[in-house]
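Trainee: here's my sequence, what's the structure:
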Amino acid sequence: MSDQKSPVDWERLEAKPEFRALISKKARFIIGATIFFMSYYLALPILVGYFPDLMKKKVWGEVNVAYVFALSQFFMAWIMAFVYVRVATRWDKSAASVISDQH
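Mentor: Sure, this is the predicted structure:
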């Protein structure tokens, strides 16, 4: 183990309003995205259980609403991943700015 001190003064950084605002933004996004993802993901078994006639409705050939909804979950996950990467890139830039302002 090294006794070298971190180049970032974390205690001072934590006290900065900009740092706290960044952490708050991240928490809001992550909590909101998680609630959305879980709601969307759990909607399929709930809809199949409580509204089976709706979910059995044919959309195209033998493909019904339940299949379309299940396939849409793949696209939703990819879109959420894309959005997260874009938002996280902005957080990284903001974090770098906050850290560089401490020196």
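
Trainee: and stretch 13-32, what's buried?
Mentor: Of the residues in stretch 13-32, those with enough neighbours to count as buried (16 or more other Cβ atoms under 10 Å) are L13, F19, L22. Using the backbone N, CA and C atoms, a C-beta is placed for each residue, glycine as well.

Trainee: JSON lines for these, including secondary structure, distance to Y41 and pLDDT?
Mentor: Rendered in JSON lines, the data for those read as follows (DSSP: H, G, I helix; E, B strand; the rest coil; distance: Cβ to Cβ, whole Å; pLDDT from 0 to 100):
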{"residue": "L13", "secondary structure": "helix", "distance to Y41": "36", "pLDDT": "86"}
{"residue": "F19", "secondary structure": "helix", "distance to Y41": "32", "pLDDT": "91"}
{"residue": "L22", "secondary structure": "helix", "distance to Y41": "28", "pLDDT": "94"}
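
Trainee: between those, which sits nearest V59?
Mentor: Within the buried residues of stretch 13-32, the smallest distance to V59 is 43.5 Å, found for L22 (Cβ to Cβ).

Trainee: for that closest one, which non-adjacent residue is closest in space?
Mentor: Nearest-residue entry for L22: S94, 5.2 Å, with adjacent residues in sequence omitted and distances by Cβ to Cβ, 6 or more residues apart in numbering.

Trainee: R20 is in contact with that neighbour, correct?
Mentor: No: the pair S94 and R20 fails to qualify as a contact (Cβ atoms under 8 Å) at a distance of 12.0 Å.
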